[in-house]
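Asker: starting from these lines, generate the structure:
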Amino acid sequence: MPTVLRTPDGRFANLPGFPYQPHYVQVGDTRMHYVDQGQGQTILCLHGEPTWCYLYRKMIPDLSSEHRVVAPDLIGFGRSDKYAYQSDYSFQMHVDKLTAFIQLMDLRDITLVCQDWGGLIGLRVAAENQEQFARLVIMNTWLPTGDDPPSQAFMKWRDFAARQPDMPVGFVMQRTLVGGSTVDAAVIAAYEAPFPDASYKSGAAQFPLLVPITPDDPGSDGMRRTRQAMAQWTGPVQILFSDSDPITAGGDRFFRKLMPAASSQPEITIHGASHFLQEDSGEEIAGHILDFIKRTPI
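Answerer: The predicted model follows:
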């Protein structure tokens, strides 16, 4: 059986801008944490690497004023349990855990909001469970199959992550966010909170290595099937990419070309935001999502 670690609750005390009570659901051998705010149609917010649902704190108040917001932490991140060894993390494991979470929570008519690995995992889960998803909001992510060469920016990030015996999460966030070194130290500490030491970071260390970069990598076939499903998607799709993300630059054009359904929604770019656009421009993005939901009633 895999060794499972659990971050002490005290690490999450008094986080700035994050007053939300924790909720948990047991998913197999791991406990999965989520924020659950508001009532009405469900907005499922999925984070990426190396963040957790804290990334959505600027969006939750506005979104939950009109709808129910469910923001889980992926296994290995946030307040969710963490496997101790990188070998216990796989693309399929993450897909299976999220699928089970949605089923256990009985989430329906979902508006998926996804970014980074939240897109790779979330869009694949949506493709395989289309009856439970009503809308898609796609932000700063991609669907890599390994058939095309990965970007130089991604390979630099992958190589950096692979060399780190103890991934410097705070440093990564400071280097990535628009504010850089001026970002509040307490906010950077909140992103570091899930990881008391390097033993808790196996999931964060493994994620860059799980991105398919050759056609026969694990996950490549799943991404191809996801692309096929997205090309045939008939529900509402809103694409929201930032203008200053070297990792996913051009992804907005890729998704608009892939998904004819996206053509019925306005082309929106989040200006002055980098990879973690939820941190850089969360309130603006929440407004666009609320408008999108109003335009596309179920």
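Asker: ok, which stretches of this structure are strands?
Answerer: For the chain, strands defined by DSSP state E occupy the ranges 4-5, 23-27, 30-37, 42-46, 68-72, 82-83, 110-115, 133-139, 237-242, 268-270.
Asker: just checking, what packs against the fifth one?
Answerer: Strand 68-72 is packed against strand 30-37, strand 42-46, helix 60-64, helix 91-105, with contacts defined by 3 or more C-beta pairs under 8 Å, 6 or more residues apart in numbering; DSSP states H and E. Where you see a C-beta, it was placed from the backbone N, CA and C, and this is true even at glycine.
Asker: and the last one, what's buried?
Answerer: By neighbour count, and taking 16 or more other C-beta atoms under 10 Å as the criterion, the buried residues in helix 91-105 are F91, M93, H94, V95, K97, L98, T99, A100, F101, I102, M105.
Asker: and the helices in the stretch 151-298 of the chain?
Answerer: When assigned using DSSP state H, counting those that start in this stretch, the helices of the stretch 151-298 of the chain occupy the ranges 152-163, 169-176, 185-192, 202-210, 220-231, 251-258, 277-295.
Asker: highest mean neighbour count out of those helices?
Answerer: Of all the helices of the stretch 151-298 of the chain, helix 202-210 has the most neighbours on average by mean count of other C-beta atoms under 10 Å, namely a mean of 22.
Asker: what sits against H288?
Answerer: By C-beta atoms under 8 Å, 6 or more residues apart in numbering, the contact set of H288 is Q238, L240, I268.
Asker: and if we set it to 7 Å?
Answerer: L240, I268 (C-beta atoms under 7 Å, 6 or more residues apart in numbering).
Asker: let's have the chain start at 51 instead
Answerer: Okay, residue one is now 51; in that scheme the one you just asked about reads as H338.
Asker: distance of it relative to R213?
Answerer: For H338, the distance to R213 equals 37 Å [C-beta to C-beta, to the nearest Å].
Asker: sorry, back to before: would you turn the strands of the chain into TSV with mean neighbour count and mean pLDDT?
Answerer: As requested, the strands of the chain are exported to TSV (neighbours: other C-beta atoms under 10 Å; pLDDT from 0 to 100):
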stretch	mean neighbour count	mean pLDDT
strand 54-55	16	98
strand 73-77	15	98
strand 80-87	20	98
strand 92-96	26	99
strand 118-122	25	99
strand 132-133	24	98
strand 160-165	26	98
strand 183-189	25	98
strand 287-292	24	98
strand 318-320	16	98
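Asker: got a markdown table for the ones you listed, with distance to T195 too?
Answerer: Converted to a markdown table, the strands of the chain look like this (distance: least, C-beta to C-beta, whole Å):
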| stretch | distance to T195 |
| --- | --- |
| strand 54-55 | 31 |
| strand 73-77 | 27 |
| strand 80-87 | 28 |
| strand 92-96 | 20 |
| strand 118-122 | 26 |
| strand 132-133 | 26 |
| strand 160-165 | 18 |
| strand 183-189 | 17 |
| strand 287-292 | 19 |
| strand 318-320 | 25 |
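Asker: quick one, which of those is nearest to V233?
Answerer: With C-beta to C-beta, the closest approach to V233 among the strands of the chain belongs to strand 287-292: 16.2 Å.
Asker: residues in contact with W283?
Answerer: By C-beta under 7 Å, 6+ apart, the neighbours of W283 are M309, A311.
Asker: now it, what are its backbone angles?
Answerer: The phi and psi values for W283, taken as degrees, to the nearest 10, are phi -60, psi 130.
Asker: export stretch 92-110 as CSV, just CAs?
Answerer: What follows is stretch 92-110, C-alpha atoms only, in CSV (Å, rounded to 0.1, in the frame of the first residue of the first chain):
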residue,chain,number,x,y,z
THR,A,92,-22.2,24.0,-9.3
ILE,A,93,-19.0,25.7,-10.4
LEU,A,94,-16.1,23.2,-10.1
CYS,A,95,-12.8,25.0,-9.8
LEU,A,96,-9.6,23.0,-10.5
HIS,A,97,-6.1,24.2,-9.8
GLY,A,98,-2.8,23.1,-11.2
GLU,A,99,0.9,22.9,-10.3
PRO,A,100,2.1,23.6,-7.6
THR,A,101,-0.9,25.4,-6.2
TRP,A,102,-4.1,24.4,-4.4
CYS,A,103,-7.6,25.8,-4.1
TYR,A,104,-6.2,28.8,-2.3
LEU,A,105,-5.6,30.0,-5.9
TYR,A,106,-9.3,30.7,-6.3
ARG,A,107,-9.8,32.8,-3.2
LYS,A,108,-10.2,36.0,-5.1
MET,A,109,-12.9,34.4,-7.3
ILE,A,110,-14.9,32.4,-4.7
